[in-house]
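**Student:** From the sequence below, what's the structure:
(one chain, ligands or ions: 2)
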Amino acid sequence: MRAAVKVSALSKRFGSVQALRGIGLEVERGELFGCIGADGAGKTTLFRILCTLLIPDEGRAEVLGFDTVTEYREIRRRIGYMPGRFSLYQDLSVEENLHFFAMVFGADVEENYDVIRDIYSHLVPFRNRKAGQLSGGMKQKLALSCALVHRPDLLVLDEPTTGVDAVSRREFWQILQRLKEQGITILVSTPYMDEASLCERIAFFQDGRLLGLDKPSGFTRLFRRPLFSVKAQNKHRLMTELRKFPHAVSVHAFGGTVHYSESRPDSDPSEIQAKLVSMGVTDVAVERIEPCIEDTFMMLIENNV
Ligand SMILES: Nc1ncnc2c1ncn2[C@@H]1O[C@H](COP(=O)(O)OP(=O)(O)OP(=O)(O)O)[C@@H](O)[C@H]1O
Ligand SMILES: [Mg+2]
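**Tutor:** Ligands and ions are numbered 1, 2, ... in the order given. So this is what the prediction gives:
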């Protein structure tokens with residue numbers, strides 16, 4: 001079976017900004033594929049090329065077997081796109097938005113209701129409310145319903161959960177799992193590492209380049225150094241002192257704690273603790289931990305492999 005998305009040597013420049021620098025990747029049919037990377041890494045540019053809204057400068061992209069430049073009409077009928085900022089018409093009601101998007105695609109809401117029932121049922125009690133007056137989580141469900149109403153084979157979701165509360169985010173990912181089970185391929189970008197780890201594979205972008213592409217477990221295996229979670233009363237001071245350690249490789253704030261890695265394979269938490277105490281850092285606790293995806297990405301960005 002052909003890939004759902006096939007991209008090779010793709011480049012795109014905006015004036016002096018090189019947004020994509022020779023990207024190559026494939027997304028398999030039926031896959032839940034995540035794209036992550038810092039602001040300006042090129043994720044939205046890639047998505048817009050795949051959705052036929054931008055023409056690449058170099059390279060080519062195929063979506064569902066069609067070329068994004070020459071066969072864009074075929075692609076547009078077969079994909080659902082949820083852009084980063086809500087695509088909804090704020091002055092139209094929930095129901096009017098849904099019917100509008102169905103009409104654009106020549107689709108029938110009743111005929112395709114089975115695809116969106118799971119999501120749209122949450123919105124039925126509010127069907128006459130203007131989209132602009134919905135909560136973030138509800139807007140997101142409506143935007144997803146609108147992107148799905150024509151039964152696309154591929155869903156492209158650009159940061160669909162940014163600015164949405166934690167409960168709605170969890171619900172949204174459960175919905176994505178069910179859509180995947182129905183055979184829909186999903187390409188999604190997210191700034192949240194916990195969401196990235198729910199994808200089957202993740203592409204990690206940095207400054208227009210693809211720094212890595214693997215399963216979440218593959219990424220975390222890249223982190224081979226001993227890693228510690230370190231706490232102290234004064235986090236700023238703690239970080240300053242850790243950076244002075246002769247074997248220090250990385251020192252990053254992680255919520256209330258600091259993640260610290262060393263170049264020595266045999267580092268010992270109690271030794272690190274004793275050293276910090278001797279430097280006058282108070283209330284120190286050191287624990288050896290397994291790396292999460294975010295640790296690996298920080299490592300890749302800093303080229304500390
Ligand atoms: N239409 C445009 N005109 C000029 N520059 C652009 C345009 N679109 C994107 N860029 C620039 O291209 C680079 C890549 O942007 P892009 O939006 O693809 O990144 P992103 O990974 O989606 O970032 P974010 O996480 O902030 O959404 C950025 O430097 C951005 O400023
Ligand atoms: Mg973006």
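
**Student:** What are the buried residues along stretch 3-10?
**Tutor:** Applying a neighbour-count criterion of 16 or more other CB atoms under 10 Å, one finds 3-7, 10 buried in stretch 3-10. Backbone N, C-alpha and C define where each C-beta goes, glycine included.

**Student:** Make CSV out of these and add distance to Leu213 and pLDDT.
**Tutor:** As requested, the buried residues of stretch 3-10 are exported to CSV (distance: CB to CB, whole Å; pLDDT from 0 to 100):
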residue, distance to Leu213, pLDDT
Ala3, 13, 95
Ala4, 15, 98
Val5, 12, 98
Lys6, 13, 98
Val7, 11, 98
Leu10, 14, 98
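
**Student:** hmm, which two among those are most spread apart?
**Tutor:** Greatest spacing in the buried residues of stretch 3-10, by CB to CB: Ala4 and Leu10 (15.7 Å).

**Student:** How about the chain: which residue is closest to ligand 2?
**Tutor:** When you check the chain against ligand 2 by CB to the ion, the closest residue turns out to be Thr44, at 3.1 Å.

**Student:** List, one by one, the residues from the stretch 1-150 of the chain near ligand 1.
**Tutor:** Taking CB under 6 Å from any ligand atom as the test, the list of the stretch 1-150 of the chain residues beside ligand 1 reads 14, 17, 19, 37, 39-45.

**Student:** let's see it at 8 Å
**Tutor:** Contact residues of the stretch 1-150 of the chain with respect to ligand 1, defined by CB under 8 Å from any ligand atom, are listed as 12, 14-15, 17, 19-20, 35, 37-48, 84.

**Student:** Restricted to buried residues, select those in ChimeraX.
**Tutor:** Selecting only the buried entries of those in ChimeraX, with 16+ other CB under 10 Å as the criterion:
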select :12,19,20,35,37,41,42,43,44,45,46,47,48
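
**Student:** and the nearest residue to Gly136 once chain neighbours are set aside, how many neighbours?
**Tutor:** Nearest non-adjacent residue to Gly136, counting by CB to CB, 6 or more residues apart in numbering: Val164, 4.8 Å away. When counting by other CB atoms under 10 Å, one arrives at 20 neighbours for Val164.
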